[in-house]
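S.K.: for reference, the sequence and a predicted model appear below.
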Amino acid sequence: ADTHGDIMTPQQLLAIFRARIGLALAVLLITVGVTIGTGLLLPKKYTSTASLILDQAKPDPLANSTQWSGPSQAYLATQTDIIRSDRVAIAAVRKLNLANSPLLHKKWLAATQGRGTIETWIAHDLQKTVEVTPARDSNVIAIVVEATDPEFAAQWANALAQSYMDESVRLRADPARHFS
């Protein structure tokens, strides 16, 4: 049996590439065209970040514990949940006065037929644009907002941060009010 007939020579390989170069270029041009077209048709997305430094109460200096290692993972997770809460989102919606937007009012009526509150509906819709992430080995939490309008992205991130700070103060003050 002749096994040398099955081996491809470099000249044969080059001939195959030359024969298929048109197809390869066509696939490349179509891929680039679809990518550019998609990029032009989709709305631009802007990201805004508000960073919060969390100040967890330090241990009692008179207690046995002499070392403080910073916020625990449980504390960071709790604060992250508070930032993601409906209460904080609704407070941010109120800070930005979004319930008085005629466009949002029209969308709310179309989506809910007037059931529920517009503030809750807006808050739930905008919560989808928010990512809350604690930094590793740090007491910083980032509130990242993605929107099609850069100014609104910044306003929404800042309103969430301010609403979280207000809620955090309220949560700390409420137990003191109950005991006084």
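M.R.: Yep, that arrived.
S.K.: these two touch, right, N158 and A50?
M.R.: Yes: the pair N158 / A50 is scored as a contact, 5.5 Å apart, by C-beta atoms under 8 Å. Backbone N, C-alpha and C define where each C-beta goes, glycine included.
S.K.: distance of the residue nearest the centre of the chain from L29?
M.R.: Nearest residue to the geometric centre of the chain (C-alpha atoms, centre = their mean): E131, 3.0 Å. Distance of E131 to L29, computed by C-beta to C-beta, to the nearest Å: 36 Å.
S.K.: go through the chain and flag its longest helix.
M.R.: Longest helix of the chain, by residue count under DSSP state H: helix 10-41.
S.K.: please say which of N158 and A50 ends up with more neighbours.
M.R.: With neighbours defined as other C-beta atoms under 10 Å, N158 and A50 compare such that A50 has more, 20 against 17.
S.K.: could you measure from the more buried one over to V130?
M.R.: Taken as C-beta to C-beta, the span from A50 to V130 is 10 Å.
S.K.: between these two, which contacts overlap?
M.R.: Counting by C-beta atoms under 8 Å, 6 or more residues apart in numbering, the residues touching both A50 and V130 are 143, 145, 157, 160.
S.K.: most surrounded residue in the residues you listed?
M.R.: L160 (27 neighbours).
S.K.: closest to W121 out of the shared contacts of A50 and V130?
M.R.: Of all the shared contacts of A50 and V130, the one sitting nearest W121 is L160; the distance, using C-beta to C-beta, is 16.9 Å.
S.K.: the closest one touches V145, doesn't it?
M.R.: Yes: counting by C-beta under 8 Å, V145 is a contact partner of L160 at 7.4 Å.
S.K.: got a list of contacts for stretch 126-143?
M.R.: Outside stretch 126-143, the residues that reach it (C-beta under 8 Å, 6+ apart) are 49-56, 70-71, 76-77, 79-80, 83-84, 86, 89, 92-93, 144-147, 153, 156-157, 160-161, 164.
S.K.: burial count for N139?
M.R.: Around N139 there are 16 residues (other C-beta under 10 Å).
S.K.: typed the wrong thing, it's R18
M.R.: 9.
S.K.: show the pLDDT at it.
M.R.: Confidence at R18, expressed as pLDDT, is 85.
S.K.: next: S85.
M.R.: 93.
S.K.: got a list of what it touches?
M.R.: S85 is in contact with E167, counting by C-beta under 8 Å, 6+ apart.
S.K.: ramachandran coordinates for it?
M.R.: phi -70, psi 160 (degrees, to the nearest 10).
S.K.: just L42 next, same as before
M.R.: Dihedral angles (degrees, to the nearest 10) for L42: phi -80, psi 140.
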